[in-house]
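*Asks:* Please work out how this folds:
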Amino acid sequence: MWEEVCKKVNTGQGTTMNKTDSRLLSKSLHEALKAAKGIVGRKRQLETILSYLKSNIEELKTKKGGNLHIKVRWIDGKSAFKGRIRTGIVVNLEHVEPVLFFKDAFLLVKRRIKKALNKHSILRVNFVFCAEYEKKDEENKVIEDIKYFNTRNYIIVQT
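*Replies:* Predicted coordinates for the structure are as follows:
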């Protein structure tokens, strides 16, 4: 089941599902992620699809006429080492332009980092921007691709 979604996401044929389907698929993706030991490309692909599912679930939660002011949302991801290594996902609910997304995401991330600094005096933070890009080829067909942009680790100290 999750392989079908991988194909749809990788070929740009987005999918719409209900909450139950998303949760079942999320569970099987988590199992596949655990099984993909040492395969970085496969892990990244599965993490992207999980993020896609989580954003799909967030869109299902948004009611028509409600939450219209919410453009980005934070989702807590997996954690390891008793919560000392954590993953957070900023989900884009509305933006088309990356610059506008970054402005709204910055405020959300800044707030989360301040909260984390209240618990821990020092943080090591890195970011991965994952985006789906579209372009037209010579035959006017739309080609969609997922790109990743990584930063190095930054150390943030409580002042």
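
*Asks:* Give me the helix or strand of the protein that scores worst on average pLDDT.
*Replies:* Least confident helix or strand, the chain: helix 2-11 with a mean of 48, by mean pLDDT, DSSP states H and E.

*Asks:* So which residues of this structure form strands?
*Replies:* Here the chain has its strands, by DSSP state E, at 72-80, 85-92, 122-125, 128-136, 142-150, 154-157.

*Asks:* Out of those strands, flag the one nearest residue 103.
*Replies:* strand 72-80 (9.5 Å; Cβ to Cβ). Just so you know, the C-beta spots here come from the backbone N, C-alpha and C atoms, and that holds for glycine as well.

*Asks:* In the sheet, which strands lie alongside the closest one, parallel or antiparallel?
*Replies:* strand 85-92 (antiparallel) (DSSP bridges).

*Asks:* Give me the mean pLDDT for the partner strand.
*Replies:* This predicted structure assigns strand 85-92 an average pLDDT of 82.

*Asks:* what pLDDT does the nearest residue to residue 129 once chain neighbours are set aside get?
*Replies:* With Cβ to Cβ, 6 or more residues apart in numbering as the criterion, residue 129 has its nearest non-adjacent residue at 4.4 Å, and that residue is residue 149. Listed pLDDT for residue 149 reads 85.

*Asks:* Please work out which of the strands of the chain is packed deepest.
*Replies:* strand 85-92 (a mean of 16; mean count of other Cβ atoms under 10 Å).

*Asks:* For that strand, C-alpha coordinates in CSV please.
*Replies:* The C-alpha trace of strand 85-92 is given here as CSV (Å, rounded to 0.1, in the frame of the first residue of the first chain):
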residue,chain,number,x,y,z
ILE,A,85,16.9,14.1,19.9
ARG,A,86,13.6,15.4,18.5
THR,A,87,12.2,15.9,15.1
GLY,A,88,9.7,18.7,14.3
ILE,A,89,7.9,19.3,11.0
VAL,A,90,6.6,22.6,9.9
VAL,A,91,3.8,21.9,7.5
ASN,A,92,2.9,24.4,4.8
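
*Asks:* Renumber starting at 164 from here on
*Replies:* Happy to do that; since the first residue is 164 now, the last one works out to strand 248-255.
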